[in-house]
Structure formats: C-alpha cells, structure tokens
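> Can you look at this prediction? I've put the sequence above it.
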Amino acid sequence: MIVLITGANGFIGSHIANHFLLAGHTVVATSKQFHESTRTLLKDAKLVELDVLNTDQLQNLTLQADVLIHVATANDVISKSNIKGIELSAIGTKNMLDFAVKTKFPNALFFQLYRFMVQN
C-alpha cells in the first residue's frame, strides 16, 4: 500500500509515517520543510516538500497513493499567530480536500489539531 502523509515533519506525522514504513508500506511524506532528524527517521520514505497553502503547487502535484493522511496543521511556532495558525489549519485542510477530490483518492483521513495561543 502507498500512503501519502502531509505534515510528516511534525511529531504526529513523522510517527504515523514511521509506523507505516515499519509495517512494510511505501510512504510518501510531505512537509513544507524537513528537519534533518525527520530525514533520518524517514530515510526509507519518499520526501516531498509541499506547502498545503500553495494552490499552484497542489494544482501541479501528481502524487498517487492508496490513502491520504492529512495531519499538516499549525504547530507551536505558527500558533503564536492565531491568523497564520487558522490559515494553515483551515485553508490548508480545504486545499488538501480539494486535492483529494480532484485526484480521486480512494481513501483519505483528515486530522485537524489546533492550539490557540492566548495573549495576556
């Protein structure tokens, strides 16, 4: 099975990707950027730099997989700006839903996690 995972540089995404790799599946891991530790952990995955907010990039994306697992969402740094966090979480998810429909993904899982930062 080929698994496409967005947000694979994050804690949850990298662990999901590693789980599928260890189970013997082919993993296509995407993230806006990859830390060296993630590159090491997911050395057997195909790593693709993808910004889920970049609709031009998504329009030209030709990845094929049996399942899409979307976990790209605002992290603790992005969440310091509620606007940027909401944009990544909401618009990024909408963009990936559009991508899944356009490419007729047979299976898709979407996880939406968001932590609001309260300013005192």
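Cool, got the structure.
> Give the buried residues for the lowest-mean-pLDDT helix or strand in the chain.
Sorting the helices and strands of the chain by mean pLDDT, DSSP states H and E puts helix 82-86 at the bottom, at a mean of 73. Residues of helix 82-86 classed as buried under the neighbour-count rule (16 or more other Cβ atoms under 10 Å) are 85, 86. The way it works is simple: take the backbone N, C-alpha and C, and place the C-beta from them, glycine included.
> Let me see the backbone angles for residue 65.
Main-chain dihedrals, residue 65, degrees, to the nearest 10: phi -160, psi 170.
> Could you list the buried residues of stretch 55-73?
Of the residues in stretch 55-73, those buried by neighbour count under the rule 16+ other Cβ under 10 Å are 58, 65, 67, 68, 69, 70, 71, 72, 73.
> Using TSV, lay out those together with distance to residue 31, secondary structure and pLDDT.
Rendered in TSV, the data for the buried residues of stretch 55-73 read as follows (distance: Cβ to Cβ, whole Å; DSSP: H, G, I helix; E, B strand; the rest coil; pLDDT from 0 to 100):
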residue	distance to residue 31	secondary structure	pLDDT
58	14	helix	91
65	16	coil	92
67	18	strand	94
68	14	strand	93
69	13	strand	94
70	12	strand	92
71	10	coil	90
72	7	coil	85
73	12	coil	76
